[in-house]
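Engineer: What would the 3D arrangement of this be:
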Amino acid sequence: MPPRSGPPAAGTCPPPGLAALEGRPESVLAGLTLARPHRIIHPGDAVTMDYAPDRVNFEIDKSGTIAAVRCY
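Structural biologist: Residues are numbered from 1 along each chain as shown. Down below sits the predicted model:
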């Protein structure tokens, strides 16, 4: 099947552009205003196992860099 063109479907997660934050310092998150639920997860943080498909999770590595942007 060919790739879709046009705007992303409603509920697309992570939103376009946020995945591009991977590899950037955590400090860039302070300047963002997100219209959907999100959480910032540091190494060793307790994380609930509830599934929220529209929640953006910013996973931070030991050096303070955004290692992953995922929805779960």
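Engineer: For the rest of this, base every contact and every neighbour count on C-alpha atoms.
Structural biologist: OK.
Engineer: Which residues are in contact with I40?
Structural biologist: N57, F58, E59, I60 (C-alpha atoms under 8 Å, 6 or more residues apart in numbering).
Engineer: What is the neighbour count of the nearest residue to P53 once chain neighbours are set aside?
Structural biologist: Spatial nearest neighbour of P53, excluding adjacent residues (C-alpha to C-alpha, 6 or more residues apart in numbering): Y72 at 5.1 Å. Using other C-alpha atoms under 10 Å, Y72 has 14 other residues around it.
Engineer: Show the pLDDT at Y72.
Structural biologist: Looking at Y72, its pLDDT is 89.
Engineer: contacting residues around it?
Structural biologist: D50, Y51, A52, P53, D54, R55, V56, N57.
Engineer: Show the buried residues in the residues you listed.
Structural biologist: Those of these that meet the buried threshold are D54, R55, V56, N57, by 16 or more other C-alpha atoms under 10 Å.
Engineer: Pipe those residues into CSV and attach pLDDT per row.
Structural biologist: Shown next, in CSV, are the buried ones among the contacts of Y72 (pLDDT from 0 to 100):
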residue, pLDDT
D54, 87
R55, 92
V56, 94
N57, 96
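Engineer: Now intersect these with the strands, please.
Structural biologist: The strands, defined by DSSP state E, take in V56, N57 from the buried ones among the contacts of Y72.
Engineer: circling back: quick check: of the contacts of Y72, which lies closest to C13?
Structural biologist: Using C-alpha to C-alpha, D54 is the member of those that sits closest to C13, with 6.0 Å.
Engineer: Hmm, D45 and K62 touching each other?
Structural biologist: No. In this structure K62 lies outside contact range of D45 using C-alpha atoms under 8 Å: 11.7 Å.
Engineer: Overlap of the contact sets of these two?
Structural biologist: Counting by C-alpha under 8 Å, 6+ apart, no residue touches both K62 and D45.
Engineer: Might you list the low-confidence residue ranges for this protein?
Structural biologist: 1-11 (pLDDT under 70).
Engineer: what ranges do the strands span in this structure?
Structural biologist: Along the chain, the stretches classed as strands by DSSP E are 38-41, 56-60, 66-71.
Engineer: helices and strands around the second one, which ones?
Structural biologist: This points to strand 56-60. With contacts defined as 3 or more C-alpha pairs under 8 Å, 6 or more residues apart in numbering; DSSP states H and E, strand 56-60 has these neighbours: strand 38-41, strand 66-71.
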